[in-house]
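Student: Output the structure for:
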Amino acid sequence: MNGIIALLTDFGLSDNYVGVMRAVILSIFSSAKLIDLTHAVQPQQIRHGTVILQDSYAYFPRGTVFLSVVDPGVGSARKPVAVAAGDYYFVAPDNGLLSYTLDELGLQAAVTLDNPHYHLPGVGYTFHGRDIFAPAAAHLAAGVPLKALGTSIQGIRRLPPPRLEITHDTIIGEVLYADHFGNLITSIRPLRWTTENELELQPHVGANITPVRFDARAATVSIGDHTSLSMHHAYSEVDPNVPLALVGSSGRLEIAVNGGSAAARFTGCINQSITLKIG
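Tutor: Model (predicted):
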């Protein structure tokens, strides 16, 4: 353990929820090093949090505990869980939030957080982030063994993977969400530039997809019924207010508008199909 706890929630910052969770952690483990990954997951949008976690975990040191709370089912029959995967630990509701990360890392061990010794006294129905998840993350980061936190389980809930279909001349995905700048983030990943003009789609280890290389100069991207867009390296390669396609910092295909918002330009495109024509 390295004492780092990374927090991911849909709580926002206008209320006291994040501050209270941080206070609970520090009351249990005063040496914890807290990193706010984000508290701007779209409210109750589990898949949004799932994608952000997938795109972020690998940048953290080994032993980091990820406290991830996007929990529209709080107080229901869904279980609170903690898992070990790869070199990390994750504390979250069992609602699919860890799906895409575990698809890459594999699941080593999991427990239901049912040991009351590691809860706050008087657990309520509406704020398990404070009463169950934050204490569990604090104890894990402080060195308490995973198995001490509750009953061992064999698996947890998984969401279906986002769309990614490959033919000889197309790669088809879907728009997952819009980021703070209005860039449309898609399921076509991971892409990387192998040369100035060549792109490669190299799915993660274990994915049943063959790597694909193609000439980016000849590639075009279409969102639903919208006009095809060309591929670029950076926003500045097109004039202001012109839309473009590019590879974002997480290796995902993104749609952007130079100096503007693709989400505003292409309204209603979230969850819609996106086609990268490569031949």
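Student: Helices of the stretch 1-150 of the chain, start to end?
Tutor: Along the stretch 1-150 of the chain, counting by DSSP state H, counting those that start in this stretch, helices occupy 17-28, 46-56, 99-105, 128, 134-141.
Student: out of these, which comes closest to Gly260?
Tutor: Closest of these to Gly260 is helix 46-56, at 21.9 Å (criterion: C-beta to C-beta). (Each C-beta comes from the backbone N, C-alpha and C, glycine too.)
Student: same for the closest one, what does it pack against?
Tutor: Using 3 or more C-beta pairs under 8 Å, 6 or more residues apart in numbering; DSSP states H and E, the elements in contact with helix 46-56 are strand 4-9, strand 33-38, strand 65-69, helix 99-105, strand 170-178.
Student: One more pass at 10 Å, please.
Tutor: Helices and strands touching helix 46-56, by 3 or more C-beta pairs under 10 Å, 6 or more residues apart in numbering; DSSP states H and E, are strand 4-9, strand 33-38, strand 65-69, strand 88-93, helix 99-105, strand 170-178, strand 184-186.
Student: Against which helices or strands is the third one packed?
Tutor: I take that to be strand 65-69. Contact here means 3+ C-beta pairs under 10 Å, 6+ apart; on that basis strand 65-69 packs against strand 4-9, helix 17-28, strand 33-38, helix 46-56, strand 80-85, strand 88-93, helix 134-141.
Student: again with the last one
Tutor: For strand 184-186, the contact count by 3+ C-beta pairs under 10 Å, 6+ apart identifies helix 46-56, strand 170-178, strand 220-223, strand 243-247, strand 253-257, helix 262-265, strand 273-277 as packing neighbours.
Student: Out of those, which one sits most buried?
Tutor: Of all these, strand 253-257 carries the top mean neighbour count, a mean of 26, counting by mean count of other C-beta atoms under 10 Å.
Student: which ones are touching Thr126?
Tutor: Thr126 sits next to 71, 74-75 when contact means C-beta atoms under 10 Å, 6 or more residues apart in numbering.
Student: I'd like the residues you listed laid out as TSV, including pLDDT, neighbour count and distance to Phe11.
Tutor: Putting the contacts of Thr126 into TSV (pLDDT from 0 to 100; neighbours: other C-beta atoms under 10 Å; distance: C-beta to C-beta, whole Å) gives the following:
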residue	pLDDT	neighbour count	distance to Phe11
Asp71	94	26	10
Val74	90	19	12
Gly75	86	11	16
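Student: which one of these is nearest Leu201?
Tutor: Asp71 (33.2 Å).
Student: Pretty sure that closest one sits against Gly96.
Tutor: No - if you go by C-beta atoms under 10 Å, Asp71 and Gly96 don't touch, sitting 11.2 Å apart.
Student: Give me the common contacts of the two.
Tutor: Both Asp71 and Gly96 are contacted by 46, 49, 78, under the criterion C-beta under 10 Å, 6+ apart.
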